[in-house]
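> just the structure for this:
(one chain, ligands or ions: 2)
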Amino acid sequence: MDALLTVAEYEAAAQELLPPGIWDYLSGGSGQERTLAANVDAFARLALRPRFLVDVSEPDLSTTLLGARLPTPIGVAPVAYHRLAHPEGEVATARAASLLVVSVFASRTLEEIAAAAAGPLWLQLYWFRRREVVTGLVRRAEDAGYQALVLTLDTPRVGRRLRDVRRGFAIPAGIVAPNLEAAVMAGTHEAVDGESALARHSREQFDPALRPADLAWLCAQTDLPVLVKGVLTARDAELALAHGAAGVVVSNHGGRQLDGAVASVDALAEVAAAVGGRGPVLLDGGVRTGVDVLRALALGASAVLVGRPALWGLAVGGESGARAVLDILAAELEDAMVLSGRPRLSDVDSSLLAGVQRP
Ligand SMILES: Cc1cc2nc3c(=O)[nH]c(=O)nc-3n(C[C@H](O)[C@H](O)[C@H](O)COP(=O)(O)O)c2cc1C
Ligand SMILES: CCCCCCC(=O)C(=O)O
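Ligands and ions are numbered 1, 2, ... in the order given. Have a look, this model is predicted:
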């Protein structure tokens with residue numbers, strides 16, 4: 001087989017390998033999948049304005065995020081059940097990633113992942129009705145050396161994902177979420193009529209009444225920085241920072257929640273302006289090339305996260321497949337920085353983008 005050179009080639013190879021139901025769960029979106037498509041299309045519309053007569057002989061992709069030095073501004077977004085893609089699951093991804101946000105629905109324990117990790121780990125949380133589930137996870141993350149928490153705001157319930165509804169998708173027997181007790185996970189392996197097992201589970205277990213005061217309460221439970229994920233407006237960024245958040249992840253959950261929601265990259269400038277340097281602004285959704293990473297940085301992102309691309313790499317080649325995907329994105333980013341006359345991340349700003357108003 002020829003070497004795979006792009007994320008798109010990993011996507012196609014993963015589709016060949018994965019059972020159709022798992023492929024649909026990993027790659028699909030909600031509703032008509034308009035936001036899923038928009039996330040990718042919106043990047044393609046952002047044209048670049050390269051400049052020359054600049055010394056680009058020593059490009060530097062490194063950055064600092066929440067005090068941690070990272071070789072690139074590219075991390076892995078929280079994605080449930082990596083063992084759907086590869087038997088080693090999150091342990092393989094953690095070996096490959098320089099920053100991994102571990103889903104609360106990880107299919108390996110927080111401690112196994114920490115023992116394998118090559119870089120910082122952050123733990124993503126949902127707002128479970130039973131608060132002791134949340135606080136128990138916070139304590140375990142602290143004890144295992146995780147460096148931040150990420151509270152996902154955009155999922156008061158799982159969105160209506162028609163591919164999963166049609167297939168009666170449920171988590172296959174043998175793949176579990178070992179960081180959550182059995183009572184919290186009841187029903188996730190059983191298909192139901194008219195709804196995916198995950199959507200039903202979320203209605204039973206997630207508290208849809210999450211308010212700013214709850215965020216403040218969570219921040220008060222821990223010394224770890226708490227970021228919020230799913231922010232698409234200046235209003236939510238302001239509210240989150242005012243209630244203790246240390247940073248935000250601009251995200252529409254990869255087009256899996258509100259179909260019709262704005263593409264992540266189209267929401268980025270508004271959110272970055274509202275944060276105004278008070279904390280890191282990450283972006284996920286639709287990042288498929290290193291040029292996309294550069295575009296996001298130009299619009300104010302401190303770093304990007306990739307969800308599906310990491311899982312496609314994992315499906316194709318376990319740890320080395322996930323690493324290959326992240327390396328492709330980093331190599332493409334370096335190329336784009338050199339070819340656009342921005343050799344350091346501090347050189348990247350909105351002057352790189354055509355048609356974007358400059359301050
Ligand atoms: C299969 C799958 C599972 C996901 N699980 C979670 C999760 O457990 N928690 C969460 O906050 N986001 C979850 N997400 C959303 C991702 O964190 C991220 O927002 C999204 O994948 C980014 O879009 P991309 O896949 O285009 O990179 C999941 C996404 C996918 C594709
Ligand atoms: C067992 C519940 C899984 C919750 C959904 C994970 C997720 O966020 C996703 O997008 O899928």
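
> show me where pLDDT drops low in the stretch 251-359 of the chain?
Applying pLDDT under 70 to the stretch 251-359 of the chain flags residues 357-359.

> that one: strands as residue ranges?
With DSSP state E, counting those that start in this stretch, the ranges of strands along the stretch 251-359 of the chain come out as 281-284, 303-306.

> I'd like those laid out as a markdown table, including distance to ligand 1 and mean neighbour count.
The way it works is simple: take the backbone N, C-alpha and C, and place the C-beta from them, glycine included. Output for the strands of the stretch 251-359 of the chain, formatted as a markdown table (distance: least, CB to the nearest ligand atom, whole Å; neighbours: other CB atoms under 10 Å):
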| stretch | distance to ligand 1 | mean neighbour count |
| --- | --- | --- |
| strand 281-284 | 4 | 28 |
| strand 303-306 | 5 | 27 |
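
> Pro50 is nearest to which of those strands?
strand 303-306 (20.3 Å; CB to CB).

> need the residues of the stretch 151-300 of the chain near ligand 1, please.
Thr152, Lys229, Ser251, His253, Gly254, Arg256, Asp284, Gly285, Gly286, Val287 (CB under 6 Å from any ligand atom).

> ok, now which ones touch the fifth one?
Just to be clear, that refers to Gly254. Gly29, Leu36, Asn39, Ala77, Asp284, Gly285, Gly286, Gly307, Arg308 (CB atoms under 8 Å, 6 or more residues apart in numbering).

> closest point of the stretch 251-359 of the chain to ligand 2, which residue?
Arg256 (4.5 Å; CB to the nearest ligand atom).

> surely that residue and Arg160 touch.
No: counting by CB atoms under 8 Å, Arg256 does not reach Arg160; the two are 9.8 Å apart.

> quick one: name the residues of the stretch 101-250 of the chain near ligand 2.
Looking at ligand 2, the residues of the stretch 101-250 of the chain close enough under CB under 6 Å from any ligand atom are Phe105, Thr155, Val158, Thr188, Leu198, His201, Ser202.

> show me the residues you listed that map onto helices.
Among these, the members found in helices (DSSP state H) are Leu198, His201, Ser202.

> picking up where we left off before, determine which two of the residues of the stretch 101-250 of the chain next to ligand 2 are furthest apart.
Thr155 and Thr188 (15.0 Å).

> would you list every one of the helices in the protein?
Going by DSSP H, the chain shows helices at 7-17, 20-27, 34-44, 90-96, 110-116, 131-143, 162-167, 182-185, 197-205, 212-220, 234-242, 264-275, 290-298, 308-339.

> in TSV: those helices, plus distance to Ser351 and mean neighbour count.
Formatted as TSV, these follow (distance: least, CB to CB, whole Å; neighbours: other CB atoms under 10 Å):
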stretch	distance to Ser351	mean neighbour count
helix 7-17	27	18
helix 20-27	35	19
helix 34-44	18	20
helix 90-96	33	26
helix 110-116	40	19
helix 131-143	39	16
helix 162-167	41	17
helix 182-185	49	13
helix 197-205	42	18
helix 212-220	35	16
helix 234-242	22	19
helix 264-275	13	23
helix 290-298	8	25
helix 308-339	14	23
